[in-house]
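# sharing a sequence plus its predicted fold:
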Amino acid sequence: MSVAGRIGGLLLQHGFVAVLVVVFIVFAVFTDTFFTFGNIVDMLHAMSPLMVISAGLALVVMAGKLDISVGSVAYVAASCGTLLMLRLGWPPVPALLAALSVGAALGAINGLIVVVLRVNPLITTLGTMIAYRGVGLQLTNAEVARLPEGVRVLGNWSVGPVFGDTLIALAIVIAVHLLHRRTVFGRQLTAIGNGEDVARRIGMPVDWLVFAAFVFSGVLAAVGGVLDTLQIGAISAYLGKGLEFNAVAVIVVGGISLFGGRGAILSGVVLGALVFEMIRNGLNHVGANPYAYRLVSGAVIFAAMYADALKSGVRGAAARLLTRRDA
């Protein structure tokens with residue numbers, strides 16, 4: 001293989017790492033405040049909710065499905081937990097459990113529509129994204145509701161110099177990664193993503209596994225919504241808005257294939273989220289136009305999608321070649 005071919009192969013396999021390094025070097029060179037310990041801690045703090053939501057979505061994507069309702073699920077779940085504390089006087093822990101239960105229930109609805117009614121996952125979650133957002137707006141009357149004072153302070157609690165929600169997010173992402181890599185459930189999700197028909201033929205409970213993946217996605221979306229609410233100190237109609245597309249972008253840039261069955265959740269979610277947070281944070285430090293973030297992020301997503309399509313094309317061509325040889 002030529003040198004150019006080898007370089008191209010490395011970029012296809014590890015392109016997101018190259019993007020991360022380039023983004024970091026550019027902002028570290030052109031600003032004095034970007035490459036500081038305090039700023040790095042702040043970036044990890046800001047991207048914590050997105051990491052959790054992306055980890056849950058990654059399980060669905062591994063099975064070759066998609067869930068773009070996670071932002072709305074986060075909004076409804078966090079709103080339910082907050083309103084239970086404000087209107088009914090619930091203690092924080094039961095309110096948190098209720099929020100997680102709401103997330104699980106909304107994820108289960110998505111799973112049932114996909115598995116039982118056989119509706120395309122993209123169409124299903126597009127519809128529930130709109131419907132769930134409407135439910136949240138009805139619950140809150142589209143008003144801002146501030147968390148109780150005793151709960152609001154948790155948004156800035158820390159362990160040494162590191163924010164507590166960063167540690168929680170990392171622990172969840174690691175747990176999801178181990179679930180995917182070290183358990184039968186995770187390996188079966190990957191098998192479904194690599195070929196659902198084959199998985200059915202060898203006796204895997206495909207419908208149950210896909211349903212469970214959507215439930216996991218709903219629960220982790222609720223956790224992300226709670227973390228986001230704690231950071232803001234209140235719920236508003238904007239909570240979770242656009243998070244679903246940010247989560248998809250994180251997954252794609254992190255090297256997790258939207259075609260299913262390929263990628264590592266730990267490195268993919270953490271590094272993918274870090275790329276976008278570094279772009280947002282770095283552009284703020286250089287005083288760039290706020291709309292520049294969308295332009296740069298869009299270019300990064302396009303490059304990642306193109307690389308994913310190339311990898312999938314190569315894999316498909318190899319599979320066809322092997323099939324012909326066997327024949």
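Received, thanks.
# buried set for stretch 42-53?
43, 44, 45, 46, 47, 48, 49, 50, 51, 52, 53 (16 or more other C-beta atoms under 10 Å). (Each C-beta comes from the backbone N, C-alpha and C, glycine too.)
# just give the closest residue to residue 80, not the sequence neighbours.
Excluding the flanking residues, the one nearest residue 80 by C-beta to C-beta, 6 or more residues apart in numbering is residue 102, at 4.8 Å.
# let me see the contact set for that neighbour.
76, 77, 80, 81, 222 (C-beta atoms under 8 Å, 6 or more residues apart in numbering).
# in a strand, residue 203, correct?
No: counting by DSSP: H, G, I helix; E, B strand; the rest coil, one finds residue 203 to be coil, located in no strand.
# burial measure for it, as a count.
7 (other C-beta atoms under 10 Å).
# do you know the pLDDT at it?
pLDDT for residue 203: 90.
# just put the buried residues of stretch 42-53 in TSV and tack on pLDDT.
Output for those, formatted as TSV (pLDDT from 0 to 100):
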residue	pLDDT
43	93
44	93
45	94
46	93
47	94
48	95
49	95
50	95
51	96
52	97
53	96
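# now for those residues: which two are most distant?
Within the buried residues of stretch 42-53, 43 and 53 form the most distant pair, 16.8 Å apart (C-beta to C-beta).
# for the spatially most central residue of the chain, give me its contacts.
Geometric centre of the chain, nearest residue: residue 54, 1.2 Å, by C-alpha atoms, centre = their mean. Residue 54 sits next to 247, 250, 251, 254, 269, 272, 273 when contact means C-beta under 8 Å, 6+ apart.
# ok, residue 285 next?
Contacts of residue 285 by C-beta under 8 Å, 6+ apart are 27, 31, 33, 34, 39.
# 7 Å - rerun?
By C-beta atoms under 7 Å, 6 or more residues apart in numbering, the contact set of residue 285 is 27, 31, 33, 34.
# does the last one touch residue 282 like I think?
Yes: with contacts defined as C-beta atoms under 7 Å, residue 34 counts as touching residue 282 at a distance of 5.6 Å.
# between the two, who's got more neighbours?
Taking neighbours as other C-beta under 10 Å, residue 34 and residue 282 compare with residue 282 leading, 23 against 20.
# nearest spatial neighbour of that one, chain-adjacent residues omitted?
Residue 282's closest residue in space is residue 27 (C-beta to C-beta, 6+ apart), at 3.4 Å.
# what of residue 48?
residue 169 is the one closest to residue 48 (C-beta to C-beta, 6+ apart), at 3.9 Å.
# got phi/psi on that neighbour?
phi -60, psi -40 (degrees, to the nearest 10).
# count the residues that sit near it.
So residue 169, with other C-beta under 10 Å, has 28 neighbours.
# please apply the same query to the one 5 residues further on.
Burial of residue 174, expressed as a neighbour count using other C-beta under 10 Å, amounts to 15.
# can you pull out the helices in the stretch 151-300 of the chain?
164-182, 184-194, 196-201, 206-232, 243-253, 265-285, 292-326 (DSSP state H, counting those that start in this stretch).
# how about those helices in CSV, adding distance to residue 122?
As requested, the helices of the stretch 151-300 of the chain are exported to CSV (distance: least, C-beta to C-beta, whole Å):
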stretch, distance to residue 122
helix 164-182, 22
helix 184-194, 15
helix 196-201, 15
helix 206-232, 13
helix 243-253, 11
helix 265-285, 20
helix 292-326, 15
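# rank those by pLDDT, which is bottom?
Taking the mean pLDDT of these, helix 292-326 comes last: a mean of 63.
# who's in contact with residue 282?
23, 27, 31, 34.
# whoops, I mixed them up, residue 75
Applying C-beta under 7 Å, 6+ apart, the residues near residue 75 are 133, 136, 225, 239, 240.
# pretty sure the residue nearest to the centre of the chain is in a strand, no?
No: read with three-state DSSP, residue 54 is helix and lies in no strand.
# for it, give its distance to residue 280.
15 Å (C-beta to C-beta, to the nearest Å).
# related to what we said a few turns ago, of the contacts of residue 102, which is the nearest to residue 258?
Taking the contacts of residue 102 together and measuring to residue 258 by C-beta to C-beta, the closest member is residue 222, at 23.3 Å.
# isn't the closest one right next to residue 103, touching?
Yes: when contacts are counted by C-beta under 7 Å, residue 222 is listed as touching residue 103 (2.6 Å).
# anything in contact with each of those two?
Residues touching both residue 222 and residue 103 by C-beta under 7 Å, 6+ apart: 73, 77.
# mind listing what residue 124 touches?
110, 113, 114.
# can you name the element that comes right after the helix or strand hosting it?
Following DSSP states H and E, one finds residue 124 within helix 121-140. With elements assigned by DSSP H and E, the helix or strand that comes after helix 121-140 is strand 145-146.
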